[in-house]
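Just a sequence and a predicted model for now, questions to come.
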Amino acid sequence: MDTGELKAANEEELKIVTRLHTATHLLQSALRKTLGDTVHQAGSDITAERLRFDFTFDRKLTPEEIKEIEDWVNMVVQKDVSMGYKEMPYEEAIKTGALYFEKEKYPAVVKVYSAADLKTGEVFSKELCGGPHVSRTSELGRFKITKEESVGAGVRRIRAIVE
Ligand SMILES: [Zn+2]
């Protein structure tokens, strides 16, 4: 089963990797909020067991920073906000300030996925992506970082799960 970005052996696995994929979007936002805008995606890999996210940063994260990142993601999960998308031309999408992966080749028309509170207009995550995603953040369950390590000069790797 191949739904573009996500690969899964069956429907059951697809549900899990979809949750982990949505969690990856929130994780990237949380990293930038906690560590600053120099954080950029360097890679991503998702299996039915865990998500793995590589990002640019030049030192080990402190336990306080890891807790702050987890807490922020779980705050968005608890808020149960909508995860929806709009389609628009690539250039326009970049101008909205949505995050994108520099190594990725995008089509001329892209989807911009946002985790947003539709009542207040507050946006927690906005990213170019093919999907699929959960429709509400509460579907993720509890987010937990299981490992943080270096994978080369200036690149860190986080492994995380949803429970
Ligand atoms: Zn995505």
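Perfect, I can see it now. The model shown is predicted, which means the values in this text are computed figures rather than measured ones.

So in terms of bridging, what pairs with Gly43?
For Gly43, the beta-bridge partners are Asp54 (DSSP bridges).

how far away is it from Val81?
The spacing between Gly43 and Val81, counted by Cβ to Cβ, to the nearest Å, is 27 Å. Backbone N, C-alpha and C define where each C-beta goes, glycine included.

now Gly154
32 Å.

Pick out whichever of those two has more residues nearby.
The neighbour count for Gly154 versus Val81, taken as other Cβ atoms under 10 Å, is higher for Val81 (22 against 13).

and that one, what is it in contact with?
Contacts were defined as Cβ atoms under 8 Å, 6 or more residues apart in numbering; by that measure Val81 touches Ala115, Ala116, Asp117, Leu118, Glu122, Phe124, Arg136, Thr137.

Please name the nearest non-neighbouring residue to it.
When the adjacent residues along the chain are set aside, Val81 lies closest to Asp117, with 4.8 Å between them (Cβ to Cβ, 6 or more residues apart in numbering).

Phi first, then psi, for that neighbour.
Backbone geometry at Asp117, expressed as degrees, to the nearest 10, gives phi -80, psi 110.
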